[in-house]
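**Student:** This is a predicted model, with the sequence first.
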Amino acid sequence: MKLLRDLASVTTELQGGAVSIGNFDGVHLGHARIVSELIAQARAAGGPAVVFTFDPHPVRLLRPAEAPPPLTWTDRKAQLLAQLGVDVVIAYPTDEALLNLSAGEFFQRIVRDSLSARAMVEGPNFFFGHKRSGTIEVLRRLTSAADVRLTIVDPLVVDSDYVSSSRVRKLLAAGQVDEARRMLTQPYRLRGMVTHGAGRGAKIGFATANLAAIDTLLPGLGVYAGAAYTGGVRWPAAINVGPNPTFGEQALKMEIHLIGYNGQLYGEPLEVDFISRLRDIQPFANVQELQAQLQRDILAAQTIAANTQDGKLD
């Protein structure tokens, strides 16, 4: 899979296929449905399956105060799309020039001139061009005139509601990572840098990595089972998002106990999957009660992580 960050890098062999344009934030099962059709259309056209996405999300330029926290960073998004079979991801740098293109100019410049696309695949709520003036009906007219095959994919319904990035975001913000995972192609992952904490975890027998500089959505307060990735190795993990009330601390922190890991992580990047919620944050009467609960959390997290393959619980 090729990840490009401009249109100048689009070579002849990357043209003449099918393209889907959108944010693809989180790469959920609704996106997977679109990608499946995209691949089918690309193979029928004899060209690559191309996803054209934006970096950053256009709303961060248009209405920064309303911009939601992202669910994926660009490289992670490309990785997830590659796992679904996409051939090319173009993460186009969003700027004023792009946002000021009319629907017709956007279509001509990107779909026709740059990609020479023979097919397009979109969801029913797709908008494009200046002030979202390009509706599905506008796209139908443009593709018809250019002899580009257009396929509109129905949205996916899970539990009587549409799967969407905003729905996943709300679930994660509420700490409902189990429900969110059912709508994602892989467990929710974030990344950050390991920084020095109070060192209290190591003193009571449960060393943790304190994560900072997180650039995507932080799930709601709670204790979670997950997995952490460092040096290309996956470690089962117990994750705490929130304060440490037993010690009278109210600062929001994200702490990860990598089960079985004994190395040094300070100053290193760390990626963390959230697989399942274990419990709420709660104060304990003393350190001994806290230690006993942490041991139960670790045992549960280890079992859950061991039973998770390719994002699915066995």
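**Tutor:** That came through, no problem.

**Student:** now the end-to-end length of stretch 114-123.
**Tutor:** 22 Å (Cα to Cα, to the nearest Å).

**Student:** Start at 5, not 1
**Tutor:** In the new numbering, first residue 5, that becomes stretch 118-127.

**Student:** What residues sit buried inside that stretch?
**Tutor:** Neighbour counts over stretch 118-127 (16 or more other Cβ atoms under 10 Å) mark Ser118, Leu119, Ser120, Ala121, Arg122, Ala123, Met124, Val125, Glu126, Gly127 as buried. Every C-beta, even on glycine, is put in place using the N, C-alpha and C of the backbone.

**Student:** Just confirm the fourth one is within a helix.
**Tutor:** Which is Ala121. No - per DSSP: H, G, I helix; E, B strand; the rest coil, Ala121 lies outside any helix segment and is coil.

**Student:** I'd say it and Ile25 touch.
**Tutor:** No - if you go by Cβ atoms under 8 Å, Ala121 and Ile25 don't touch, sitting 9.8 Å apart.

**Student:** how about the helices in the stretch 205-318 of the chain?
**Tutor:** Ranges of helices within the stretch 205-318 of the chain are 291-310, based on DSSP state H, counting those that start in this stretch.

**Student:** Tell me the one of the buried residues of stretch 118-127 nearest Val55?
**Tutor:** When the buried residues of stretch 118-127 are ranked by distance to Val55 (Cβ to Cβ), Val125 comes first, at 9.7 Å.

**Student:** Give me the helix or strand of this protein that scores worst on average pLDDT.
**Tutor:** strand 316-317 (a mean of 56; mean pLDDT, DSSP states H and E).

**Student:** so where's the stretch 55-204 of the chain shaky on pLDDT?
**Tutor:** 202-204 (pLDDT under 70).

**Student:** Surely Ala217 is in contact with Leu194?
**Tutor:** No - with contact defined as Cβ under 8 Å, Ala217 does not reach Leu194; the gap is 10.6 Å.

**Student:** Look up the closest residue to Asp158, ignoring the ones flanking it.
**Tutor:** By the measure of Cβ to Cβ, 6 or more residues apart in numbering, the closest residue to Asp158 outside its immediate chain neighbours is Pro128, 7.0 Å from it.

**Student:** Now do stretch 109-121: distance from first to last residue.
**Tutor:** End-to-end distance (Cα to Cα), stretch 109-121: 15 Å.

**Student:** who touches it?
**Tutor:** 11, 14, 18-23, 25, 51, 54, 56, 102, 105, 124, 132-133, 138, 143, 146-147, 150, 152 (Cβ atoms under 8 Å, 6 or more residues apart in numbering).

**Student:** one more time with 6 Å, if that's ok
**Tutor:** Leu11, Val14, Gln19, Gly20, Val23, Phe132, Gly133, Leu146, Ala150, Val152 (Cβ atoms under 6 Å, 6 or more residues apart in numbering).

**Student:** Ok, stretch 27-44 next?
**Tutor:** 22, 24, 53, 57, 61, 74-76, 84, 88-90, 125, 155, 157, 159-160, 167, 169, 172, 187-189.

**Student:** what comes up buried for that stretch?
**Tutor:** Quick answer for stretch 27-44 (16+ other Cβ under 10 Å): 27-32, 34-39, 41-43.

**Student:** mind checking how far it is from the chain centre?
**Tutor:** 12 Å (Cα atoms, centre = their mean, to the nearest Å).

**Student:** picking that back up, give me the subset of the buried residues of stretch 27-44 lying in helices.
**Tutor:** For the buried residues of stretch 27-44, the ones inside helices are Gly34, His35, Ala36, Arg37, Ile38, Val39, Glu41, Leu42, Ile43, with DSSP state H as the criterion.

**Student:** Please tell me the pLDDT value assigned to the first one.
**Tutor:** What it means is Gly34. The model reports Gly34 with a pLDDT of 98.

**Student:** quick one on the thing from earlier: pick out whichever of the buried residues of stretch 27-44 sits closest to Gly224.
**Tutor:** Using Cβ to Cβ, the buried residues of stretch 27-44 come closest to Gly224 at Gly30, 16.2 Å.

**Student:** Can you tell me how far the closest one is from Thr57?
**Tutor:** The gap separating Gly30 from Thr57 is 12 Å, by Cβ to Cβ, to the nearest Å.

**Student:** Could you do Ala184 as well?
**Tutor:** 21 Å.

**Student:** tell me the phi and psi of the closest residue to Phe58 other than its chain neighbours?
**Tutor:** Of all residues not flanking Phe58 in the chain, Thr98 sits nearest, at 4.7 Å (Cβ to Cβ, 6+ apart). Note on Thr98: backbone dihedrals following degrees, to the nearest 10 are phi -70, psi 130.
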